[in-house]
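>>> Quick one: sequence plus predicted model below, questions after.
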Amino acid sequence: MAQGNLKVIGELLAKHGILVAFIIFMIVFTVLNPRFITSDNVLGVVRSSAILGVMAIGVTFVVVSGNLDLSVGSMMSFSTIVVLDLHDKIGPILGIPVMFAMTMALGALIGFLVGYLKLNSLIVTLGMLSAIHGLTLTYSGGKNMDIADKDGTWFSIFGQGEILGLPVPILLFALLAAGLTLLLSKTPFGRKVYAVGGNGVAATFSGIPRARIVFYCYLISSFCVAVAGLIQASRSLGSQNTVGQGLELEVLAAVILGGASLLGGSGTIFKTVIGVLILGFIQNGLLLIGLEFYVQYIVTWVIIILAVWLDIAAKRGQLWSPIA
Amino acid sequence: MNLKKTLVVSTALATFAMAGAASAADFTIGITQNNVGVDSYQTTYEKAFIAAAEANDKVDAVVLDAGGDVARQIAQMEDLIQQKVDAIIIWPTNGQAVIPAVRKAFGAGIPVIVTNSNIAAEGAEFIASFSGPDNITQGSRSAEIMCDKFKEMGIEDEAQIVQISGQPGYTTAIERAAGFEDRLPEVCPNVTLMETQPGDWNREKSQQVMEAFLVKYDDIDGVYSGDDNMGVGALNAAKAADRADDIIFVGATNFAVGYEAMERGEYWGSIYQSPVDDAEAALKTAIDVLEGKDVPLLNYFDTPKITQDNMSEFDKPVF
């Protein structure tokens, strides 16, 4: 390709690099297997991505505020197991709010440790990753949790229901994404989150209560985890203790893929959603192509690197930019 | 969790010390388990093992759990060697990494019995016996269950199936898939296995894999899953797509959820593997070795076929 063409493409990419990368992947997968783009498949992928997506938009707040959250996978297992258990013990109407309260108490604890005690968020949430896993196992006694009467409960609506032809998990994901986009980009609170993550010292001098902002970010993150746990529990009406294991890394990958900086201060909900969809469609696309599964691990990684490269190249306006 | 485990371990050691001084038991047998609490199978196994050991006057048991941690399991092996127990039962956290510790026990003259999942082949000369399920046979039995059902339905010459296997690289997953893939063409040569993808022993992952299969293939007559947990995930996906009635689901390791789905007539069959049998077989193998009986190197306990037709002969699994 000629140098001039590259430049044109570069300028096009500059605005929405990750979106363009996403569209390219969609086209490639569709060419390789036309069934990829059928509405059934697309809806299916978005529905299964909803769980990861709901968690990722919550974690976006934490990352924008300049911190990390590695505990969301364990926390999701916790909320799933708890709500399944409470469903049979005290009924879903009481069980769901109690589960939200318990999950958000964990978020509050993390927010307190990171915000008010100023402990390193990596260490705190890495510790919570295994502590919450232990808590879940202690709670369940290591047993799988299953709803006894699977056909007679309305609880399945959150994971399996449809409203106006759209699966409920997608609606929950979309509602939450829209609401949190407003919160992050249109409110004073949202601007404070960017300020705290972008330059904490300057934020303090501007009179922004950093500890409280960080605390709220973890609270929002744990709220999203509780929603994810609700969808997960409702979708399969039963669960292992390890259901969320490893999701924390996929969530972080989606957030970073969306262009949020690990150093804080940048990132948007919309781009995180694109990051989530890229991960979801890669997994699904590779399955539809029928690639040997050991190879899938490698190809997934190659595609992610490619996407990040396209995004970075777009921002810099050039494809080749060695560390000088 | 760690604190709790430590307490359990130290209590177990204290009990052992006292028991060693006062008890009249013939043998002291130590066991280091993989990861109790991670799933119901392992939790039930531990309870059954302790119950079996308590019921047997000949045996004192030192029950340890590695919590899934290789380093901790090796340290537990060293402890048991130091304590000069009569035999060690190990549920390997990793089939390769524990071999040096097994070898050390062998060198100290303590017979080692591997339970549930075998260690890698190069460790075979250091163990007295392996007690556990035969995963290759399980795979071939699943193939027979599926083939018999297809014959009953009269579609054994055109049926097309997909497979959802366990975690890649995991011996149980590899062996079950191999057993299934080898046996199927022998009993049903015209059934096509269209594709295999891993469900990682995870119900949700398996559900996603099945969703993709349903999009990709218009005609699926059967699904073989490496365990019932994944099988139920696949069933859920098929039910959501209104295609469950056309598909025969066969799994392995009958879980309670699989048993229930069989009761509802949605899931055809599986392999019945009881953690209680598993634990009791391990203890019995250890005692047989200590009593000088002739024990085969691979001492399998039976894991029978279970289908909707004969499920009334089996208790519902507790896990």
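Structure received. Numbering: from 1, shown residues only, chains lettered A, B, ... in the order given.

>>> For the rest of this, base every contact and every neighbour count on C-alpha atoms.
OK.

>>> tell me which parts of the stretch 51-200 of chain B are close to chain A?
With the criterion set to Cα under 8 Å from any Cα of the partner chain, the stretch 51-200 of chain B comes near chain A through B:168, B:195, B:197-198.

>>> Just the closest of those residues to chain A, please.
Among these, B:Gln197 lies closest to chain A (Cα to the nearest Cα), at 6.4 Å.

>>> what's near enough to touch that closest one?
B:Gln197 makes contacts with A:287, A:293, B:163-165, B:209, as judged by Cα atoms under 8 Å, 6 or more residues apart in numbering or on different chains.

>>> right, and the pair among these with maximum separation?
Farthest apart among those by Cα to Cα are A:Leu287 and B:Ser165. That separation is 13.8 Å.

>>> quick revisit: could you flag which of the contacts of B:Gln197 are buried?
A:287, B:163-165, B:209 (16 or more other Cα atoms under 10 Å in any protein chain shown).

>>> Return the item of the residues you listed having minimum pLDDT.
pLDDT across the buried ones among the contacts of B:Gln197 is lowest for A:Leu287, at 86.

>>> Please, which helix or strand holds that residue?
A:Leu287 belongs to helix A:269-289 when assigned by DSSP states H and E.

>>> Check A:Val201 too.
helix A:200-205.

>>> Just the CA atoms of that helix, as PDB, please.
Only the C-alpha atoms of helix A:200-205 are listed here, as PDB (Å, rounded to 0.1, in the frame of the first residue of the first chain):
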ATOM      1  CA  GLY A 200      -4.600  13.400  42.100                       C
ATOM      2  CA  VAL A 201      -2.500  16.100  43.700                       C
ATOM      3  CA  ALA A 202      -4.100  18.800  41.600                       C
ATOM      4  CA  ALA A 203      -7.500  17.300  42.400                       C
ATOM      5  CA  THR A 204      -6.800  17.700  46.100                       C
ATOM      6  CA  PHE A 205      -5.700  21.300  45.600                       C
END
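
>>> pLDDT averaged over it, what's the number?
Here the average pLDDT along helix A:200-205 is 91.

>>> Next secondary structure after it?
helix A:210-236.

>>> And the helices in the stretch 1-150 of chain B?
Secondary structure of the stretch 1-150 of chain B (DSSP state H, counting those that start in this stretch): helices at B:2-22, B:40-55, B:70-82, B:99-107, B:135-153.

>>> Neighbours of the closest residue to B:Leu64 other than its chain neighbours, how many?
The shortest distance from B:Leu64 to any residue other than its chain neighbours is 4.7 Å, reached at B:Thr32 (Cα to Cα, 6 or more residues apart in numbering or on different chains). Residues lying near B:Thr32 (other Cα atoms under 10 Å in any protein chain shown) number 25.

>>> how about the residues of the stretch 201-319 of chain B near chain A?
Residues of the stretch 201-319 of chain B lying near chain A (Cα under 8 Å from any Cα): B:202-204, B:208-209, B:211-213, B:215-216, B:233, B:236, B:240, B:257, B:319.

>>> switch the cut-off to 7 Å
B:212, B:215-216, B:319 (Cα under 7 Å from any Cα of the partner chain).

>>> avg pLDDT for the helix or strand where B:Val223 lies?
Here B:Val223, judged by DSSP H and E, is contained in strand B:222-225. Mean pLDDT, computed over strand B:222-225, is 98.

>>> just checking, next helix/strand downstream of it?
helix B:228-240.

>>> thinking again about what came up before, OK, contacts around the residue nearest to B:Leu64?
Contacts here follow Cα atoms under 7 Å, 6 or more residues apart in numbering or on different chains; on that basis B:Thr32 touches B:63-66, B:73, B:76, B:89-91.

>>> among the helices of the stretch 1-150 of chain B, which is the most enclosed?
helix B:135-153 (a mean of 21; mean count of other Cα atoms under 10 Å in any protein chain shown).

>>> how many other residues sit next to A:Gly290?
That count, for A:Gly290 with other Cα under 10 Å as the rule, works out to 18.

>>> again, but for the one 4 residues further on
A:Tyr294: 12 surrounding residues under other Cα under 10 Å.

>>> Next: the one 10 residues further on.
Other residues within reach of A:Ile304, judged by other Cα under 10 Å, total 19.

>>> And for the one 10 residues further on?
By other Cα under 10 Å, 22 other residues sit near A:Ala314.

>>> ok, and for the helix or strand containing it, which residues are buried?
In the assignment (DSSP H and E), A:Ala314 maps to helix A:293-316. For helix A:293-316, burial by neighbour count (16+ other Cα under 10 Å) applies to A:296, A:299, A:303-304, A:307-315.

>>> Just the C-alpha atoms of it, please, in PDB.
Output of helix A:293-316 as PDB, limited to C-alpha atoms (Å, rounded to 0.1, in the frame of the first residue of the first chain):
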ATOM      1  CA  PHE A 293      -8.800 -24.900  20.000                       C
ATOM      2  CA  TYR A 294      -5.200 -24.800  21.100                       C
ATOM      3  CA  VAL A 295      -4.600 -22.400  18.300                       C
ATOM      4  CA  GLN A 296      -7.500 -20.200  19.500                       C
ATOM      5  CA  TYR A 297      -5.600 -19.100  22.500                       C
ATOM      6  CA  ILE A 298      -2.800 -17.800  20.300                       C
ATOM      7  CA  VAL A 299      -5.100 -16.200  17.700                       C
ATOM      8  CA  THR A 300      -7.100 -14.400  20.400                       C
ATOM      9  CA  TRP A 301      -4.000 -12.800  21.800                       C
ATOM     10  CA  VAL A 302      -2.800 -11.800  18.300                       C
ATOM     11  CA  ILE A 303      -6.100 -10.100  17.500                       C
ATOM     12  CA  ILE A 304      -6.100  -8.200  20.800                       C
ATOM     13  CA  ILE A 305      -2.600  -7.000  20.200                       C
ATOM     14  CA  LEU A 306      -3.600  -6.000  16.700                       C
ATOM     15  CA  ALA A 307      -6.600  -4.000  18.000                       C
ATOM     16  CA  VAL A 308      -4.400  -2.200  20.600                       C
ATOM     17  CA  TRP A 309      -1.900  -1.400  17.900                       C
ATOM     18  CA  LEU A 310      -4.500   0.000  15.500                       C
ATOM     19  CA  ASP A 311      -5.900   2.100  18.400                       C
ATOM     20  CA  ILE A 312      -2.500   3.400  19.400                       C
ATOM     21  CA  ALA A 313      -1.400   4.000  15.800                       C
ATOM     22  CA  ALA A 314      -4.600   6.000  15.200                       C
ATOM     23  CA  LYS A 315      -3.900   8.200  18.200                       C
ATOM     24  CA  ARG A 316      -0.300   8.800  17.100                       C
END
